[in-house]
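Asker: I would like to see how this sequence folds:
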Amino acid sequence: MAEIGEKKSPVSDVGAWGMNVVSSVGLIMANKQLMSPSGYAFAFATTLTGFHFAVTAIVGLISNATGYSQSKPVPLWELLWFSIVANTSITGMNLSLMLNSVGFYQISKLSMIPVVCVMEWILHSKHYSREVKTAVLVVVVGVGVCTVTDVKVNAKGFICACVAVLSTSLQQITIGSLQKKYSIGSFELLSKTAPIQAISLIIFGPFIDYFLNGKSILNYPFTSGPIFFILLSCSLAVFCNISQYLCIGRFSATSFQVLGHMKTVAVLMLGWILFDSSLTLKNIMGMLLAVVGMVVYSWAVELDKARQKAVLTKTSLTEEEIRLIKDGVEGGNVNLKDVELGEKESGMKG
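Answerer: The predicted structure follows:
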């Protein structure tokens with residue numbers, strides 16, 4: 001696994017992240033036009049997510065059929081477990097957004113960074129340096145200043161927010177864990193989970209959406225306008241899903257959370273440019289603070305890697321050194337007893 005990681009070039013990492021940012025921001029803008037009352041008022045977010053995974057599943061099946069990607073075995077129970085966690089995350093986020101104020105919804109999303117850190121510490125015994133903890137705190141404060149305007153809490157909304165945060169954090173950690181455990185690529189894993197998520201969300205999505213807004217998708221007028229934006233949304237979602245798996249496969253879950261706030265900044269900037277949204281001094285200062293936090297986090301991660309590499313260099317033997325020692329012992333070239341006796345005699349003489 002280490003060799004695979006070393007072969008990844010910085011360009012491919014930047015490309016995966018750029019694809020995630022562009023597709024995610026584009027998806028938000030397309031969904032805004034599709035779902036907003038001033039647009040096409042398609043108020044069925046959970047069902048739309050089911051459409052997204054259905055198209056992603058079709059792309060995966062075509063890829064496997066044409067030999068572009070190979071399917072590796074993953075136990076069905078693990079795929080079902082992941083799909084349950086992922087669908088809980090989607091439903092929890094929708095319920096949290098419906099029941100809570102925008103301010104509390106943003107705070108709950110920000111809390112995923114420390115939650116991911118704690119969960120990785122509990123599940124994988126992962127430890128973080130003081131520099132990384134400081135950088136995470138700076139990013140959280142920066143995006144908080146940038147986005148949070150009001151905080152109103154109610155019992156149902158708080159419970160939904162907790163479920164959403166825990167399930168989303170667990171989902172991101174599970175993606176990276178499954179990829180490492182079964183040596184499976186990001187697209188192959190997505191191809192396996194997308195059909196399960198698509199079927200479950202398309203079946204249960206309309207009921208969840210009806211509970212959320214009291215509207216039935218059967219009564220919605222499907223004209224050419226909303227159909228076009230549904231197809232555009234599904235296309236962008238395919239790239240968004242693939243790039244998300246790519247990013248989590250390349251970066252840690254914590255890195256993905258920290259870098260993910262770049263999308264928040266991008267959405268605010270595009271909202272200001274394209275939709276003439278208000279951009280106050282508080283927003284600008286928050287953006288700058290978040291960017292500083294991202295830069296500090298990148299530096300802290302590289303510093304940790306350098307420290308770990310230095311420790312490994314000092315404490316571990318190379319494969320070549322181990323082979324030479326082994327060959328020497330087996331070939332009788334090294335008599336350990338003679339070496340020990342020589343050391344004792346030299347010690348006595350001293």
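
Asker: Next, please give the residue ranges for the helices of the stretch 1-150 of the chain.
Answerer: Along the stretch 1-150 of the chain, counting by DSSP state H, counting those that start in this stretch, helices occupy 2-7, 10-35, 45-65, 76-99, 102-110, 112-124, 130-147.

Asker: Now do the buried residues in the fourth one.
Answerer: Residues of helix 76-99 classed as buried under the neighbour-count rule (16 or more other Cβ atoms under 10 Å) are 78-79, 82-83, 85-97, 99. Heads up, the C-betas are built off the backbone N, CA and C, glycines and all.

Asker: Ok, the third one next?
Answerer: Across helix 45-65, burial judged by 16+ other Cβ under 10 Å covers 45-60, 63-64.

Asker: per-residue confidence averaged over that helix?
Answerer: For helix 45-65, the mean pLDDT works out to 88.

Asker: Now do it: which elements does it pack against?
Answerer: helix 10-35, helix 76-99, helix 186-213, helix 224-250 (3 or more Cβ pairs under 8 Å, 6 or more residues apart in numbering; DSSP states H and E).

Asker: just the angle between the second one and helix 186-213, please?
Answerer: In other words, helix 76-99. 40 degrees (axes from the mean of the first three to the mean of the last three Cα atoms, to 10 degrees).

Asker: average pLDDT for helix 76-99?
Answerer: The model assigns helix 76-99 a mean pLDDT of 85.

Asker: ok, now the first one?
Answerer: For helix 10-35, mean pLDDT rounds to 76.

Asker: and the angle from that helix to helix 224-250?
Answerer: 150 degrees.

Asker: repeat for the longest one
Answerer: Here helix 186-213 runs at an angle of 130 degrees relative to helix 224-250 (the same axes, to 10 degrees).

Asker: For helix 186-213, buried residues please.
Answerer: 186-198, 200-202, 205-206, 208-210, 212.

Asker: Tell me where the model's unsure across the stretch 201-350 of the chain.
Answerer: Low-confidence segments of the stretch 201-350 of the chain (pLDDT under 70): 245, 248-280, 283, 286-287, 290-291, 294-295, 298, 301-302, 311-350.

Asker: try 50
Answerer: For the stretch 201-350 of the chain, applying pLDDT under 50 flags the ranges 334, 336-344, 346, 348-349.

Asker: Quick check: Glu78 touching Leu178?
Answerer: Yes: assessed by Cβ atoms under 8 Å, Glu78 is found in contact with Leu178 at 6.6 Å.

Asker: show me what contacts the closest residue to Thr47 other than its chain neighbours?
Answerer: What sits nearest to Thr47 in space, not counting adjacent residues and going by Cβ to Cβ, 6 or more residues apart in numbering, is Gly205, at 3.7 Å. Counting by Cβ atoms under 8 Å, 6 or more residues apart in numbering, Gly205 touches 44, 46-50.
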